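Chemist: have a look; sequence and predicted model below, questions after that.
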Amino acid sequence: MKHADPLARDARLSAVAKASLALEIVVAYVRIRYALRRADVRDVVARLRGGSATAPQPPEHVAARLARAVHKTLAFTPRKSRCLLQSLVLTQLLARRGIAASVVIGVQSEGRFAAHAWVELGPHRLLPSGNGSFEPLVRL
């Protein structure tokens with residue numbers, strides 16, 4: 001018997017599925033914060049992806065639902081590094097599901113300097129990608 005994908009477009013997540021996903025997100029967040037204290041962000045991204053085989057790209061709505069879940073679940077985190085940590089958590093969740101995505105770190109050079117991180121899946125930006133004024137500096 002084949003189970004329905006809980007992240008499918010029309011599927012509603014049960015309370016247990018929501019709690020399980022939230023727990024996965026929070027555990028990943030804690031592990032990533034710890035890893036960033038011990039290693040370079042490039043090394044952390046490589047470890048997050050692990051040796052997971054990439055699956056054919058799923059419909060973008062699956063990745064978008066995961067992005068919304070990460071954004072909502074980690075809304076309480078410190079603002080200083082929120083975008084980077086959310087991007088790394090989402091990258092790990094996608095990698096666990098065999099989805100290859102890029103972490104992008106961009107800068108805003110006009111006016112006051114600012115930096116921002118987001119995740120891209122093909123041409124699609126996942127997570128809030130700033131106000132569009134950030135130019136990609138590096139893709140991991």
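Modeler: Arrived safely.
Chemist: quick one, phi/psi of R42?
Modeler: phi -60, psi -40 (degrees, to the nearest 10).
Chemist: which strands or helices does whichever strand or helix holds L48 pack on?
Modeler: In this assignment (DSSP states H and E), L48 forms part of helix 41-49. Judged by 3 or more CB pairs under 8 Å, 6 or more residues apart in numbering; DSSP states H and E, the packing partners of helix 41-49 are helix 15-38, helix 82-96. In this view, the C-beta of every residue, glycine as well, is placed from N, C-alpha and C.
Chemist: quick one: mean pLDDT over the last one.
Modeler: Average pLDDT, helix 82-96: 93.
Chemist: which positions in it come out as buried?
Modeler: 82-95 (16 or more other CB atoms under 10 Å).
Chemist: nearest to L66, of the residues you listed?
Modeler: For the buried residues of helix 82-96, the closest approach to L66 (CB to CB) belongs to L93, at 5.3 Å.
Chemist: buried residues in the helix holding L48?
Modeler: For helix 41-49, by 16+ other CB under 10 Å, it's V41, V44, V45, L48, R49.
Chemist: what angle separates that helix from helix 82-96?
Modeler: Helix 41-49 runs at 40 degrees relative to helix 82-96, counting by axes from the mean of the first three to the mean of the last three CA atoms, to 10 degrees.
Chemist: contacting residues around helix 41-49?
Modeler: I32, A35, L36, A39, L84, L88, T91, Q92, A95, A100, V103, L140 (CB atoms under 8 Å, 6 or more residues apart in numbering).
Chemist: what's the pLDDT at the first one?
Modeler: Just to be clear, that refers to I32. 94.
Chemist: do the fourth one as well
Modeler: Per-residue confidence for A39 comes out at a pLDDT of 94.
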